[in-house]
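K.L.:
the following block contains a protein sequence and its predicted model.
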Amino acid sequence: MGDHAIHASDVELISRITGGDTEAFSLILAKYKDYVSGIVIRHIPSNDMAETVHEVFVRAYLSLGKFKATGEFRHWLASIAVRTCSDYWRERYRRRETPMGCLTERHREWVANVLSGQSVGRFSETAYREEGRELLNWVLDRLPPEDRMVLELVYLQEYSIREAASLLGWSAANVKIRSFRARRKLRKLLSDEMNRGMS
Amino acid sequence: MMKIFNPDLEKMRTAFVTLSRLRESPDLDESWQKGVMSHLRTLERQGFQNGSEERFQRIAWRLIPAACLMIFILGFILMKVDFFPEYEMARQFIEDPTGYVVTKILGV
């Protein structure tokens, strides 16, 4: 009942906005900015987050006419957020802004810790988390933007293939194949880098 | 040689999932919201131009099949009536040389 009420008020707000009342969009912003930033922060570096969330809401505003009241507005907004993040990485990849450095000894130790099961309880340490994040970013930066998005959605955020397909606007088969290939690339990247450190 | 196997990858995944969940999004303040609304108002002011351009494009794309059909019909008619531009020009030159030269000069 509560969800239905929220959904109904969204539809009402959208019809006001599409009818010319742009100011009503501020209510959508206030209601969903945390939800959208929660999605965006899982894909985009923190320093570009505010700008990307801004872009998500502008895109949503421009596409409001295409929103079908039969669907859920939240999900529709989530798919715009995910596609905006995907476009962000495509643009970065096109401009080749990916860092070219290698993993350090600390990162290799981090992997070794995780593989030996010694990382349990260490995630409360800020430095340990930072090293892990650097490693994760290092790996993701070396994947094509499509693989990166699929890996993040299916592998890290544990969305089902169908949910990820719906968010990305791809077919389920495409997501399945991409996810399999991305996983293989991830394994190869980590193996190669660990071996480089040992040689 | 070290190789990462599926169980290892699963351990890495679990660690990465934990890291991913621990990420907190920075708060978007009032000034951020004002910035978005100001951007939208600018877009709204430009909306009339964008709207008319979009409408024109929509109509233009709809007219393309009709234009193709028209070209096809005209081509068919020209073939049927045995119209050859070179022959017509030669005929005009022989029948009315002055008129032909004037037409050429005027670029008609």
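P.N.:
Good, I have the coordinates.
K.L.:
contacting residues around the one residue in chain B that gets nearest to chain A?
P.N.:
Distance from chain A to each residue of chain B (CB to the nearest CB) is smallest for residue B:25, at 3.9 Å. Backbone N, C-alpha and C define where each C-beta goes, glycine included. Under the criterion of CB atoms under 8 Å, 6 or more residues apart in numbering or on different chains, the neighbours of residue B:25 are A:34, A:37-38, A:40-41, A:46, A:49.
K.L.:
and these, which is closest to residue A:75?
P.N.:
When the contacts of residue B:25 are compared for distance to residue A:75, the smallest value, 14.1 Å, is given by residue A:38; criterion: CB to CB.
K.L.:
need the residues of chain B near chain A, please.
P.N.:
Residues of chain B lying near chain A by CB under 8 Å from any CB of the partner chain: B:1-4, B:8-9, B:11-13, B:15-20, B:22-26, B:28, B:32-33, B:35-37, B:39-41, B:43-44.
K.L.:
kindly recompute the last result at 7 Å.
P.N.:
Proximity of chain B to chain A (CB under 7 Å from any CB of the partner chain) is limited to residues B:1-4, B:8-9, B:11-13, B:15-20, B:22-23, B:25-26, B:28, B:32-33, B:35-37, B:39-41, B:44.
K.L.:
can you tell me how far the residue at minimal distance from the centre of chain B sits from residue A:182?
P.N.:
Most central residue of chain B, judged by C-alpha distance to the mean C-alpha position with CA atoms, centre = their mean, is residue B:57 at 8.4 Å. When CB to CB, to the nearest Å is the yardstick, residue B:57 and residue A:182 sit 37 Å from each other.
K.L.:
rewinding a little: is it possible to mark the buried ones in the contacts of residue B:25?
P.N.:
Neighbour counting with 16 or more other CB atoms under 10 Å in any protein chain shown marks A:37-38, A:40-41, A:49 as buried within those.
K.L.:
still on that earlier bit, by pLDDT, give me the weakest of the contacts of residue B:25.
P.N.:
By predicted confidence, those are weakest at residue A:46, whose pLDDT stands at 86.
K.L.:
skipping its backbone neighbours, what lies nearest it in space?
P.N.:
The shortest distance from residue A:46 to any residue that is not its chain neighbour, by CB to CB, 6 or more residues apart in numbering or on different chains, is 6.2 Å, and that residue is residue B:26.
K.L.:
then residue A:145?
P.N.:
For residue A:145, the nearest residue in space outside its immediate sequence neighbours is residue A:89; the separation is 3.7 Å by CB to CB, 6+ apart.
K.L.:
max-length helix in chain B?
P.N.:
helix B:30-80 (DSSP state H).
K.L.:
after it, which helix or strand is next? Please name it.
P.N.:
Per DSSP states H and E, the first helix or strand lying C-terminal to helix B:30-80 is helix B:85-95.
K.L.:
from residue A:41, how far out is the residue nearest to residue A:46?
P.N.:
Taking CB to CB as the measure, residue B:26 and residue A:41 are separated by 8 Å.
K.L.:
which residues are common contacts for those two?
P.N.:
Common neighbours of residue B:26 and residue A:41, counting by CB atoms under 7 Å, 6 or more residues apart in numbering or on different chains, are residue A:49.
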